[in-house]
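Colleague: give me a model of this one.
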Amino acid sequence: MKYSGTAVIEAIRKGTDRDLLNFLYKSILPRVTRYIVKNNGSREDAFDIFQDAVVAFHRFVKEKKFHEDGNPETFIFCICRNLWINRVKKEKKQVRMPADYERYEDDAQSALEGIITEERACTIRTMLSKLGKKCEELLKLSIYDNMSLKEICLHMGFTSEDAVKTQKYKCKQKLISYIKEHSSLDERIKLN
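Modeller: Residues are numbered from 1 along each chain as shown. All right, here's what the predicted structure looks like:
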């Protein structure tokens, strides 16, 4: 049986999630196993991490911290990925990060910050896209790519680092104004 995102949430909230667990194991566990094995783990590690992630997801849904328009499969995979990264850090193993690993503003500073939802990332991308191409690119380079003012100056063709700093300030102010105008977004991007 295949479940839509809404059906997954509904099944958990109603307590009719027995078949749902089978669906989650069949649809997400293989992907998690590939990721963990590829990053110096075992199948047993993958199974343990996946179980922890399903429990965390179940709790998020029960506590209404997971929004219905989010993608449960992506959310669970992100939890697994971040739980694995945190475990490896504790055990001091080397992890090869995939080339397409997305960096997030609040990148795994603690276990709570480590659980980054696709929903939050999508909301942030949407907000940045509303600022205009130049602001979107500047803030992405600054926040996600951690570029220095000098690097941004060269990359985007600014005349000086001061010009970058001024434009960055203006872009941040536009972002703050946008968030204030759309107060529902503020709640969606906060850490719980």
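
Colleague: helix or strand for N146, which one?
Modeller: Using DSSP states H and E, N146 maps to neither a helix nor a strand.

Colleague: which residues touch the closest residue to K62 other than its chain neighbours?
Modeller: Leaving out its chain neighbours, the residue that sits closest to K62 by Cβ to Cβ, 6 or more residues apart in numbering is I12, at 6.7 Å. From N, CA and C alone the C-beta is placed, and that goes for glycine too. I12 makes contacts with L20, H58, V61, K62, as judged by Cβ atoms under 8 Å, 6 or more residues apart in numbering.

Colleague: so I12: helix, strand or coil?
Modeller: Assigned with DSSP: H, G, I helix; E, B strand; the rest coil, I12 falls in the helix class.

Colleague: show the backbone phi and psi for D145.
Modeller: When read as degrees, to the nearest 10, the backbone of D145 gives phi -90, psi -10.

Colleague: okay, it and I152: tell me how far apart.
Modeller: 9 Å (Cβ to Cβ, to the nearest Å).

Colleague: pull up the gap between the residue nearest to S129 when sequence neighbours are not counted and R125, please.
Modeller: Spatial nearest neighbour of S129, chain neighbours left out: E136 (5.8 Å); criterion: Cβ to Cβ, 6+ apart. Here the criterion is Cβ to Cβ. By it, E136 lies 9 Å from R125.

Colleague: I36 now?
Modeller: Separation of I36 from R125 (Cβ to Cβ) stands at 27 Å.

Colleague: which of those two has more neighbours?
Modeller: Neighbours were counted for I36 and for R125 using other Cβ atoms under 10 Å; I36 has more, 26 against 11.

Colleague: re the thing from before, pick the one among the contacts of I12 closest to K170.
Modeller: The closest of the contacts of I12 to K170 turns out to be V61 (Cβ to Cβ; 39.5 Å).

Colleague: what helix or strand is that closest one located in?
Modeller: Secondary structure assignment for V61, by DSSP H and E: helix 43-62.

Colleague: again, but for K172
Modeller: Element membership of K172 [criterion: DSSP H and E] is helix 161-181.

Colleague: so which bits of that helix are buried?
Modeller: Across helix 161-181, burial judged by 16 or more other Cβ atoms under 10 Å covers V164, Q167, K168, C171, K172, K174, L175.
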